[in-house]
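In: sequence and predicted structure below; questions after.
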Amino acid sequence: MILDIAIIAFLLIVAIVLILLEIFFLPGITLAGIGGFIFAAGGIIFAYSAGTMIGHISLIASILVFGIAFVWLMRSNSFSRVALKTDINSKLTSSRDLGIQPGDEGITLSRLAPIGKARINGINVEAKSEEELLDENTPVIVVRVDSYNVIVKPKDEQN
């Protein structure tokens, strides 16, 4: 009987530890979570096979211990040492907000295949070639401005 209780306690303690590891340290569904649920099911089934009263006591005790450990881990400051505390305050600027208009001229800074970098009105922007691939340092003219791309074509096509 004492050996049965020791086995039940071992199975449930391992289950609680594995499930808490899954929740707090391992992202997604991993072997720790699956193993924790298998150990918990095995411990509870083994407890009920040893006796109904032992099964009830084991089930209630394991739920209480898990709940107390969960609340304690949530309230402890141990996670503040490993938590990411960086705020991201940047935003993506729309090409329309840069003041670039159709007809403006510029030069490609990288190869547009079909998207690359270009300098238009002294501003480096993400540019997209209208039809063909454009090499670096090709003079371009703005055809239209989308939300985050400036559509360009080679300047000599305009003339």
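Out: The structure has been received and is ready for your questions.
In: give me the phi and psi for the most centrally placed residue in the chain.
Out: Nearest to the mean C-alpha position of the chain, by CA atoms, centre = their mean, lies P27 at 9.8 Å. Dihedral pair for P27: phi -70, psi 150, per degrees, to the nearest 10.
In: identify the residue nearest E131 in space, chain neighbours excluded?
Out: If the residues on either side of it in the chain are set aside, E131 comes closest to K153, at 6.8 Å by CB to CB, 6 or more residues apart in numbering. Where you see a C-beta, it was placed from the backbone N, CA and C, and this is true even at glycine.
In: shaky segments in this structure?
Out: 78-84, 92, 95, 157-159 (pLDDT under 70).
In: how about the strands in this protein?
Out: Along the chain, the stretches classed as strands by DSSP state E are 105-108, 115-120, 123-129, 139-145, 150-154.
In: deepest-packed of those strands, please.
Out: strand 150-154 (a mean of 22; mean count of other CB atoms under 10 Å).
In: that one pairs with which strands?
Out: strand 123-129 (parallel), strand 139-145 (antiparallel) (DSSP bridges).
In: looking at the ones you listed, which is closest to S62?
Out: With CB to CB as the measure, strand 123-129 is the member of the strands paired with strand 150-154 nearest S62 (55.9 Å).
In: please determine how far V65 is located from A40.
Out: As for V65, its distance to A40 is 11 Å (criterion: CB to CB, to the nearest Å).
In: and M1, how many neighbours?
Out: 8 (other CB atoms under 10 Å).
In: repeat that for D146.
Out: Residues near D146, counting by other CB under 10 Å: 12.
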